[in-house]
Structure formats: C-alpha cells, structure tokens
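Peer 1: What would the 3D arrangement of this be:
(chains A and B)
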Amino acid sequence: MSELYKLGIAEAREGLEKGDFTSEDIVRSVIGRYREKNADIGAYVTFDEEGALELARANLKAVPIAVKDLINVRGQPCTCGSKILEGYVSPYDATVISNMKANGFIPCGRVNMDEFAMGSSTENSALAVTRNPYDLTRVPGGSSGGSAAAVGGDMCIAALGTDTGGSIRQPASFCNCVGIKPSYGRVSRYGVTAFASSLDQVGPMTKSVRDSAILLKALAGHDRMDGTTPDEPVPDYERVIEGATMKGVKIGLPKEYFNVSGLDSEVKRITDEAVAKCVAAGAEIREVSLPHTEYAMAVYYIIAPAEASANLARFDGVRYGHRSDKSVDVYSLYTKSRAEGFGPEVKRRIIMGTYVLSSGYYDAYYGRAQKVRTLIKRDFDEVFRDVDVLLTPCAPTPAFKLGELQDPLTMYLNDLYTIPSALAGVCAASVPAGFTAGTNLPVGVQFICGGFEESRLLSVCKSFEEINS
Amino acid sequence: MKIDVGYVSELARLELSAEEKALFQPQLESIVGYVEKVSSVDVEGVEPMMHGRAIVNAFREDEVRPSLPREEALSNAPKRVGDEFLLPKIVEGAES
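Peer 2: As a prediction, the model looks like this:
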C-alpha cells in the first residue's frame, strides 16, 4: 500500500471500487511521497495535509488531484505564484473544483506555476523553484510546471493545469505526461484566476490518455457562471476511446511546423518516428499548410498581454492581496502595492498590454491582431475539412536548464507550436513520444483537432499511446 | 523609441524603479519590434476575432441567488472597518 502514489486515475478508481484501499490510503501515500521528494522537485507550493486527509475521510472512494495554484479551492490559499496574493484564502470553489467533487475527485495539494501563468519554465514563480523530475538541473516547463513535475515525478495521481498559449502542453512534453488543452468554452473558467480571458482553459495533466479522458469528463460542461461555456453535451470520453484505432485516420502535417530553424534535432527525430508509427498503424498522412502560422506569436504577444493588463487591474490593494504600507493616497496605493506585489515578467506584460491598448496604438496593435487571429482560425477551419487531426512537435526543444533562457523574447519562442491552436480555440494535446538520445529527456508530440472535437482528439491520443508503447 | 516605458507604467498604475525601467526599456522595445509583424498582414475586410469562440448573447434567468456572505467577501481585505474596505482619503477635505 506504500506506493499508491504511483497509480493513475483509472487504477486508483478500480482499487477504490474493489475496496483494496481507501481514498485516505492514497492521500497518505501521496503525502509520504511529497515529504520525501518535494525538497528536490519543488512541485508543490502548499500542501494542507490535514485538510486533504479530512476530505478523503469524507469521500472514501474519491481520487485525489493536485491543483494548480491559480484555481480557487474554498479555505485554501491561491497565490497564483505571486507575492501579491500571499496570505489570500479562497472563499469559494471554482466550478472545476465543484465538478471534480461531484464526480469522485478531491483536491489534494497546490502546485507551483509561473506567476499568473506567465512563462514557460516555472522560473517566474515568486514562491518556489520547481525542477524537472527527469533531470533536476532542468526546468519542468511552464506555466503548469508544478502540475507536470508532480505527475511526471509520481508525486500525485493526476493534476489540473491551465493553458493559455501552451501552459499545459509544453510542460507535459518536458515531464513525460499527457496534457489536454480543451477547446475554448469546453471547461468553465469560473474561479480560475484570469490571465487572458479569450484563451484560458483548464485541462487534465495525467499519467495516461485514459486518465485524461476520465478527468476531462468530470471537468467539462456548461456553467451558468461562465457565459462562454455552451450547453453542449459532454461525451463519456472514457467509453469513446475504447477500441480507438489509427486505421484510416487522416493526419495532417503542417509544413510550417517542420521547417523551423530552432527545432531541436532529437525532437525532430522523435516526431518523425511518431509519424512513421502512425503510418505503420494504418493512418493516412497528408502535408497541409497553415499559412498564417508565422504571425501567431506576434498576435499572441499582443492579445494575451492586453487581456492580462485588464484582468490584473483587479490587484489594486483594495479588496484582497498585498497593500503597500508606503502609500499615502489612492494613487500611490495602486502604484506601490502593484510595484511591491508583482514580479518582473508580470510587470513587463502589464506594460506591454497597456501599451497596445493605449490611445493611438489600439488599432495598429490590438485591433489588427484580432483580425489576424481570424485568419489564423480560418487556417484551422480550412485544414480540418481535409484531415481529422494534426500531428506536430509540441515544443521546439526538450527541457532546458534552469537559468538557461534569460531573454524574455527567446523564452516566448518556446510556445511557437502551441500558440496557434490556442488562438484558434481548438483542442490539442501533448502525448509522451520518446526520449532524447544521450540526455534521456522526455519529448511529447502534439495532436490538434477542431473545436469541441475532444472525442476524436482523445481517441487519436489513445491509439498513439498504444502503438508507441 | 517605440515605447516609453516610464509613461506607460503610469497608465498601468505600476511604479517602476530606475533599474526596472532601464531593464524593461530595451526588452519591451524588442518585443514591440517583434509583434509589429502583424502590420504586414493584409486584413482588408477581415472581421476581428474578439473571443475564443463565437457565442452571442448567453442569456440566463435573472433570479435572486445567494451570493458570497459579506463577512467572507471581506475576509481577505488588507484593511477594513466594520462592513467596509478601508481606503486612504480620496476626496479633498473629507474626513478620513
């Protein structure tokens, strides 16, 4: 019973149903693993052990899930990786948390992240350093780096992450997990601290595709508290993926994703091998084109900071969060509280976002970026007339070293492959594909499907997982 | 200079130290330089995409439902007095 932390959701649920162990046994095992490993890996920022055990005792058959530290859980801290929320205690549950609780899951521990989900390495966390469980000198990716490290390091059964421009998929690739970015609107954002409201989505980060299917079913659906969630039925994804096959699946390879100068040769090799395995299993391959890909990064780094600068205006030192004791009037209350509370990357993005929204620049940047976003979305609409799914690299490199990327723009380029699909609002996943030669680092490949095509996406991922094992 | 970091930080109600201004100015110049790429795309007649998914008028019944109790809403206040958030004086001449 001591190694229950190694289980995934499906195995844990099976054991709970058979009465082999209880939810409390799993939580105790996860706590033991946390105590043993967190000093090295740093996946968790806070772990309310007593609270988790109490929840487990009240829900004997619930599976514990680690929660990214920007999702509100009543009675727990929610720091968003920021000093500005030190001491904050959530007064309510996010909808994803109430959905989990209603479907046999309980929140268990809070995992690290880049401050306000801005970053690709988790190095922007103001609270803790998280390391890649496969190589402690390397980053776990980001912004859901704590979630990925916890899953990849067997420090939890599964975790929740959030993805705005790649923050579930890139860390999943770096830490050998399955990560699903649902279609925009599939999962409620209520109670999830907003970064860029037209892009943010919560998704599962798990040890298997089946686990992601089970957890996504619990998370997804219409929420009266989030007007962007349509009232569309949520399929039983776990059942849908049973017997999934590659036979006859039309896979598109977007040529713009493969002719990139920064693409690491091992990532290229692993992606090419993934394609070959799909072909051997009966998939049809077509080269396709997403002609506006080269503008996606620019569009994202206008739209995401613009929305962030508006969303983060709520951190003003008035109702919650840090208040500067040096302030003398309301203006300095705002400027000093924010100066003391936010870290450098958040400050850069607030300034960038304020700039592109400011008078005289709005049309040239924000207005134009929204139009180019339409063209990017049309590229995807067009391509999904011909193919079922796209297969691409997930990140241009495997996990890099802590401290290796210092220049913000270079760091941004990490999200090259994950940003276009985020802008288009379609669903996408990272699935473990192999390990680099020599350095032995995990590498995932990305599958992308159309909006609300999670059933198809998960089926392709499941089939890939089988032919790749 | 593409972007005046000092001026924009005032718009953003975000005080920056001299060191931060010196660090951010060239970094943001290069980011702004990069995103200017969007100006080369022909967007004549293209509608802007304003959200992740086109949904129009997400109506719901307008009914009274319980909201966060006042005490809980105030529980994270940096400073409070009674049932209110306490702020520095805003109006000249008023009692603070």
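Peer 1: Residue A:222 contacts residue A:190, correct?
Peer 2: No: under the criterion of CB atoms under 8 Å, residue A:222 is not in contact with residue A:190, lying 11.3 Å apart. For glycine as for every other residue, the C-beta is placed from the backbone atoms N, C-alpha and C.
Peer 1: Let me see the contact set for the residue lying closest to residue A:169 once chain neighbours are set aside.
Peer 2: Closest residue in space to residue A:169, ignoring its immediate chain neighbours: residue A:430 at 4.0 Å, by CB to CB, 6 or more residues apart in numbering or on different chains. By CB atoms under 8 Å, 6 or more residues apart in numbering or on different chains, the residues touching residue A:430 are A:168-170, A:172-173, A:177-179, A:394, A:444-446.
Peer 1: for the residues you listed, which one is nearest chain B?
Peer 2: The shortest distance between chain B and any of the contacts of residue A:430, using CB to the nearest CB, involves residue A:168 and amounts to 15.1 Å.
Peer 1: just to revisit the earlier point, quick one: distance of the strand or helix carrying the residue nearest to residue A:169 to the chain centre.
Peer 2: Under the assignment given by DSSP states H and E, the secondary-structure element containing residue A:430 is strand A:427-435. Averaging C-alpha coordinates over strand A:427-435 and over its chain gives two centres that are 13 Å apart (CA atoms, centre = their mean, to the nearest Å).
Peer 1: Give the pairing partners of it; include direction for each.
Peer 2: Counting by DSSP bridges, the strands paired with strand A:427-435 are strand A:178-181 (antiparallel), strand A:442-449 (antiparallel).
Peer 1: I'd like the distance between the residue lying closest to residue A:145 once chain neighbours are set aside and residue A:144.
Peer 2: Setting aside the residues directly before and after it, residue A:145 is nearest to residue A:122 in space (CB to CB, 6+ apart), at 2.9 Å. With the distance defined as CB to CB, to the nearest Å, residue A:122 ends up 8 Å from residue A:144.
Peer 1: just the strands in chain B please.
Peer 2: Under the criterion DSSP state E, chain B carries strands at the ranges B:80-81, B:84-85.
Peer 1: which ones are touching residue 77?
Peer 2: If you meant another chain, say so; for now it's chain A. Listed by CB under 8 Å, 6+ apart, the contact partners of residue A:77 are A:46, A:69, A:85, A:87-90, A:110.
Peer 1: sorry, should have said chain B
Peer 2: Counting by CB under 8 Å, 6+ apart, residue B:77 touches A:319-320, B:85-86.
Peer 1: try it again with 6 Å
Peer 2: Neighbour list for residue B:77: residue B:85 [criterion: CB atoms under 6 Å, 6 or more residues apart in numbering or on different chains].
Peer 1: quick one: it and residue B:90, what's the gap?
Peer 2: Between residue B:77 and residue B:90 the distance, using CB to CB, works out to 17 Å.
Peer 1: Can you name the residues of chain A that neighbour chain B?
Peer 2: Listed as neighbours of chain B in chain A under the rule CB under 6 Å from any CB of the partner chain: A:88, A:91, A:184-185, A:198, A:224, A:227, A:295, A:298, A:301-302, A:318-320, A:323, A:329-330, A:333-336, A:338-339, A:348, A:350-351, A:354-355, A:368-374, A:377, A:408-409, A:425.
Peer 1: among these, which ones are buried?
Peer 2: Among those, those classed as buried by neighbour count (16 or more other CB atoms under 10 Å in any protein chain shown) are A:88, A:91, A:184-185, A:198, A:295, A:298, A:301-302, A:318, A:320, A:323, A:330, A:333-336, A:338-339, A:348, A:350-351, A:354-355, A:368-374, A:377, A:408-409, A:425.
Peer 1: now, which of those residues lie within strands?
Peer 2: Among these, no member falls in strands (criterion: DSSP E).
Peer 1: Return the subset of these lying in helices.
Peer 2: Restricting those to those inside helices, with DSSP state H as the criterion, leaves A:298, A:301-302, A:330, A:333-336, A:338-339, A:348, A:350-351, A:354-355, A:368-374, A:377, A:408-409.
Peer 1: Where is the longest helix in chain A?
Peer 2: Assigned via DSSP H, chain A shows its longest helix as helix A:23-41.
Peer 1: Give me the buried positions along it.
Peer 2: By neighbour count with 16+ other CB under 10 Å, helix A:23-41 contains the buried residues A:23-31, A:33-34, A:37-38, A:41.
Peer 1: of the residues you listed, closest to residue A:150?
Peer 2: Nearest to residue A:150 out of the buried residues of helix A:23-41 is residue A:41 (CB to CB; 7.9 Å).
Peer 1: is it true that the closest one touches residue A:150?
Peer 2: No: applying CB atoms under 6 Å as the test, residue A:41 and residue A:150 come out as separate, 7.9 Å apart.
Peer 1: Do you have the helices of chain B handy? List them.
Peer 2: Listed in chain order (using DSSP H), the helices of chain B are B:5-11, B:18-35, B:70-73.
Peer 1: most tightly surrounded among these?
Peer 2: Scoring the helices of chain B by mean neighbour count under mean count of other CB atoms under 10 Å in any protein chain shown gives helix B:5-11 as the most buried, with a mean of 18.
Peer 1: Using a markdown table, lay out the contacts of residue A:77 together with pLDDT and distance to residue A:208.
Peer 2: Conversion of the contacts of residue A:77 to a markdown table gives the following (pLDDT from 0 to 100; distance: CB to CB, whole Å):
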| residue | pLDDT | distance to residue A:208 |
| --- | --- | --- |
| A:46 | 97 | 27 |
| A:69 | 98 | 24 |
| A:85 | 98 | 33 |
| A:87 | 95 | 37 |
| A:88 | 97 | 34 |
| A:89 | 97 | 34 |
| A:90 | 98 | 30 |
| A:110 | 98 | 23 |
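Peer 1: Write the ChimeraX selection for whichever of those are buried.
Peer 2: Provided next is the ChimeraX selection string for whichever of the contacts of residue A:77 are buried by 16+ other CB under 10 Å:
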select /A:69,85,88,89,90,110
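Peer 1: Now distance to residue A:13 too, for the contacts of residue A:77, in TSV please.
Peer 2: TSV is the format used below for the contacts of residue A:77 (distance: CB to CB, whole Å):
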residue	distance to residue A:13
A:46	26
A:69	25
A:85	33
A:87	36
A:88	33
A:89	30
A:90	27
A:110	23
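Peer 1: Pick the one among the contacts of residue A:77 closest to chain B.
Peer 2: Within the set of the contacts of residue A:77, residue A:88 lies nearest chain B; the separation is 5.4 Å, counting by CB to the nearest CB.
Peer 1: how about the nearest residue to the residue of the stretch 351-469 of chain A found nearest chain B, chain neighbours excluded?
Peer 2: Using CB to the nearest CB, residue A:370 is the residue of the stretch 351-469 of chain A that sits closest to chain B, at 3.5 Å. When the adjacent residues along the chain are set aside, residue A:370 lies closest to residue B:48, with 3.5 Å between them (CB to CB, 6+ apart).
Peer 1: circling back to that earlier point, using TSV, please lay out the contacts of residue A:430 together with neighbour count.
Peer 2: Converted to TSV, these look like this (neighbours: other CB atoms under 10 Å in any protein chain shown):
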residue	neighbour count
A:168	34
A:169	36
A:170	34
A:172	39
A:173	32
A:177	33
A:178	29
A:179	34
A:394	28
A:444	31
A:445	26
A:446	28
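Peer 1: now, the most widely separated pair of the residues you listed?
Peer 2: The largest distance within these, taken as CB to CB, falls between A:168 and A:445 and amounts to 14.5 Å.
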